[in-house]
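Undergrad: my questions concern the predicted model and sequence given below.
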Amino acid sequence: MSRAALIAFSARGEALAEKIARGLSQNGWDCRVAAARKESPRRIPGSLSEWTRAAFSAAQALIFVGAAGIAVRVVAPYLRGKDRDPAVVVVDDEGKFAVSLLSGHLGGANRLARKIARITGAVPVVTTATDSAGLFSVDEWAKGQNLAICTLKEAKAVSAALLDGQPVGFQSDFPVLGPLPRGLQYAEGGPVGICVSLRENRKFDTTLLLVPRIAVLGIGCRRGIAAGDIAAAVRGAFARSGISIRCVAGVCSVSLKRDEPGLAEFCRSRGFSLRFFSPEELGRVPGEFSGSPFVRRVTGVDNVCERSAVLGSGGRLILKKQAENGVTVAAAAPEYHVVFDGEESRR
């Protein structure tokens, strides 16, 4: 669930913030309303700067109900980058305008401003160039498709080409549903293009590589292994395979490893979910796997990494068992489709 932190500066603004919070809550948001006026029971305990600093870390969106200048000045010290900052939207006290101020695409502020406009009857104000021109916004689309953008530099090149009226190539290793947005065309090469792939696949002179975050790592390891050793084994396995490590969404292993601190730290430091399966569950996974009598004696199942990857993903192996320094690694991924719903250039 996404969290939104709202703050108002007047009684009228606070009532509007409550209305916005109710509307967003109905769309699955966890909303917290605060006020920067002394008379309010929601008055923030410290300064506005302290509230903003905390909200930047805890929330996916900040909504200021008040003047845009206040928002600009107070968020400025905490900006980290367009791929890391939360969405920032400003709504005036009268509810006439909902302004996407920061992180319009990757942070989702453009979409949030439009949603707030529907709740309040305001006019959404979106100033990003591709949106203003009614063109395809690749970073916003990629976020909705759960695609990792490998480098923002190439994303900017794609947007610049679209704004200049230059064709942008498109290539996908996955089935594509729906027509390509205006400005994109299927191609196997050219000056600028987009590739959707699990592999380090760069077919254009300037290639924006988009990697679906769909793969599950299966990991087996010796007792007491360090997180750094697991990381090194994972990096090595992906480097040898040519698969982008950005495809990883989570990690699975056998229940015997539930209290393995190195494995837990590896996942925690990278934001990976971690699931465990019993030997019986892993043993029932259909398929051909790289079995080991030694692994069966220790864990109760002949293979940990491949079986847990397949079971955790519900898909098929994309990286078979790789062993390095007491760590075994495999990866599996479910089916994936690239979807264009016809709204990419009109949002």
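TA: Structure received. Numbering: from 1, shown residues only.
Undergrad: the longest strand in this protein is where?
TA: In the chain, taking DSSP state E as the definition, the longest strand is strand 316-324.
Undergrad: contact partners of that strand?
TA: 198, 215, 232-233, 236-238, 240-241, 243, 287, 289-290, 303, 305-306, 309-310, 328-333 (Cβ atoms under 8 Å, 6 or more residues apart in numbering). (Glycine included, C-beta is placed from N, CA and C.)
Undergrad: now it: how far from the chain's centre is it?
TA: Put simply, strand 316-324 sits 24 Å off its chain's centre (Cα atoms, centre = their mean, to the nearest Å).
Undergrad: use 641 as the first number for this chain going forward.
TA: Right, with 641 as the first residue, what we last looked at is strand 956-964.
Undergrad: for it, what does the pLDDT average out to?
TA: Confidence over strand 956-964 (mean pLDDT, whole number) is 96.
Undergrad: strands of the stretch 791-940 of the chain, residue ranges please.
TA: 808-812, 816-817, 824-826, 832-836, 846-852, 855-861, 888-894, 913-917 (DSSP state E, counting those that start in this stretch).
Undergrad: which of those is buried the deepest?
TA: strand 855-861 (a mean of 27; mean count of other Cβ atoms under 10 Å).
Undergrad: angle of that strand against strand 913-917?
TA: Calculated by axes from the mean of the first three to the mean of the last three Cα atoms, to 10 degrees, strand 855-861 forms an angle of 60 degrees with strand 913-917.
Undergrad: which elements pack onto strand 855-861?
TA: helix 867-881, strand 888-894, helix 901-910, helix 945-953, strand 967-973 (3 or more Cβ pairs under 8 Å, 6 or more residues apart in numbering; DSSP states H and E).
Undergrad: what's the average pLDDT for it?
TA: Mean pLDDT, strand 855-861: 97.
Undergrad: ditto for stretch 743-762
TA: Computed over stretch 743-762, the mean pLDDT rounds to 92.
Undergrad: what does it contact?
TA: Contacting residues not belonging to stretch 743-762 are listed as 644, 656, 659-660, 663-664, 667, 700-701, 703, 722-723, 725-729, 731, 735-742, 763-768, 771, 777, 779-780, 783, 789, 987 [Cβ under 8 Å, 6+ apart].
Undergrad: now the end-to-end length of that stretch.
TA: Taking Cα to Cα, to the nearest Å, stretch 743-762 runs 20 Å from one end to the other.
Undergrad: do stretch 954-971 as well
TA: 11 Å.
Undergrad: over to stretch 924-941?
TA: From its first residue to its last, stretch 924-941 covers 10 Å (Cα to Cα).
Undergrad: hmm, who's touching that stretch?
TA: Residues outside stretch 924-941 that contact it (Cβ under 8 Å, 6+ apart) are 860, 894, 896, 919-920, 922-923, 942-944, 946-947, 950-951, 957, 960-961.
Undergrad: now, of those residues, which are buried?
TA: Neighbour-count burial (16 or more other Cβ atoms under 10 Å) applied to the contacts of stretch 924-941 gives 860, 894, 896, 919, 922, 942-944, 946-947, 950-951, 957, 960-961.
Undergrad: adding distance to Val714 as columns, could you present the helices and strands packed on strand 855-861 in TSV?
TA: Output for the helices and strands packed on strand 855-861, formatted as TSV (distance: least, Cβ to Cβ, whole Å):
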stretch	distance to Val714
helix 867-881	37
strand 888-894	34
helix 901-910	31
helix 945-953	42
strand 967-973	42
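Undergrad: pLDDT check: weakest of the buried ones among the contacts of stretch 924-941?
TA: Where pLDDT dips furthest among those: Asp942, at 86.
Undergrad: just the buried ones from the contacts of stretch 743-762, in ChimeraX syntax?
TA: Burial among these is assessed by 16+ other Cβ under 10 Å; the matching ChimeraX selection reads:
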select :644,656,659,660,663,664,700,701,703,722,725,726,727,728,729,731,735,737,738,739,740,741,742,764,765,766,768,771,777,779,780,783,789
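Undergrad: from the contacts of stretch 743-762, which ones fall inside helices?
TA: Leu656, Lys659, Ile660, Gly663, Leu664, Asp771, Asp779, Glu780, Lys783 (DSSP state H).
Undergrad: let me see the contact set for the fifth one.
TA: When contacts are counted by Cβ under 8 Å, 6+ apart, Leu664 is found next to Ala644, Cys671, Lys755, Ile756, Ile759.
Undergrad: may I have the lowest-mean-pLDDT helix or strand in the chain exported as CSV, CA atoms only?
TA: Lowest on mean pLDDT, DSSP states H and E among the helices and strands of the chain sits helix 769-772, with a mean of 79. The C-alpha coordinates for helix 769-772 follow below in CSV (Å, rounded to 0.1, in the frame of the first residue of the first chain):
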residue,chain,number,x,y,z
ALA,A,769,7.3,17.9,-21.8
THR,A,770,6.0,14.6,-23.2
ASP,A,771,2.7,15.0,-21.3
SER,A,772,2.3,18.5,-22.5
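Undergrad: domains in the chain, by residue range?
TA: Split into domains by automatic domain parsing, the chain comes to 643-767, 778-851, 855-973.
Undergrad: distance check, Arg839 against Ile958.
TA: Distance of Arg839 to Ile958, computed by Cβ to Cβ, to the nearest Å: 9 Å.
Undergrad: same question, Ile710
TA: Ile710 is 49 Å from Ile958, by Cβ to Cβ.
Undergrad: Arg937 now?
TA: In terms of Cβ to Cβ, Arg937 sits 28 Å off from Ile958.
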